[in-house]
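A.B. asks: sequence and predicted structure are below.
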Amino acid sequence: MNESIRALLQLSTMTLATCSLSGEPHAAAVYFAAIDLKLYFFSDTNSQHSQDLRENPLAAVVIYPEVWDWQTIRGIQMRGRVDVIPSGEEWQRAWETYQIKFPFVRQIESIVARNVLYRFQPNWLRWMDNRFGLGHKEEWHLD
């Protein structure tokens, strides 16, 4: 994984795109914590994206910093699968990583506890960075 991708994974928010079985698309911004390329996020089971993921676990993600100049547009786009992470070793490791990235969650732990922990596991990734030229990109299939 290149340093540019590592830096993007340190950002706080990703856009999660889901789709219901009836074909209704939905996009939501969620905080995430990354362990390698596995992206963990908490969400209410009644949210639209949680409802979509119960029907269809396939999703897309985009992570990018806010910029005001086309020459500095950069980000990562991913497609993959989202799974609920039950209590256990993986859940605990993700929770610890999440707390390091977002220390404020310790103050709202009771609210977080009412949510579900999800893991987005990409099977395809595109890194694009206009700082290397308009439309500069690289793609990986991660199956």
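C.D. replies: Nice, thanks for sending it over.

A.B. asks: quick one: the helices in this protein?
C.D. replies: Using DSSP state H, the helices assigned to the chain run over residues 3-8, 48-55, 89-101, 109-113.

A.B. asks: the longest one: how far from the chain's middle?
C.D. replies: When C-alpha coordinates are averaged (CA atoms, centre = their mean, to the nearest Å), helix 89-101 and its chain have centres 15 Å apart.

A.B. asks: give the closest residue to Arg79 in space, chain neighbours not counted.
C.D. replies: Nearest non-adjacent residue to Arg79, counting by CB to CB, 6 or more residues apart in numbering: Trp124, 4.6 Å away. Any C-beta I mention is one placed from the backbone N, CA and C, and that applies to glycine too.

A.B. asks: just to revisit the earlier point, so which of the helices of the chain is the most surrounded?
C.D. replies: Counting by mean count of other CB atoms under 10 Å, helix 48-55 has the highest mean neighbour count of those, with a mean of 18.

A.B. asks: what packs against that helix?
C.D. replies: Under the contact criterion of 3 or more CB pairs under 8 Å, 6 or more residues apart in numbering; DSSP states H and E, helix 48-55 touches strand 13-19, strand 25-31, strand 116-129.

A.B. asks: so Ile5 makes contact with Trp127?
C.D. replies: Yes - Ile5 is in contact with Trp127 according to CB atoms under 8 Å; the separation is 5.5 Å.

A.B. asks: can you pull the residues that touch both of those two?
C.D. replies: Common neighbours of Ile5 and Trp127, using CB atoms under 8 Å, 6 or more residues apart in numbering, are Ile76.

A.B. asks: mind checking how far the helix or strand of the chain with the lowest mean pLDDT is from the chain centre?
C.D. replies: Taking mean pLDDT, DSSP states H and E as the measure, the helix or strand of the chain with the lowest value is helix 109-113, at a mean of 83. Centroid separation for helix 109-113 versus its chain: 20 Å, with CA atoms, centre = their mean.
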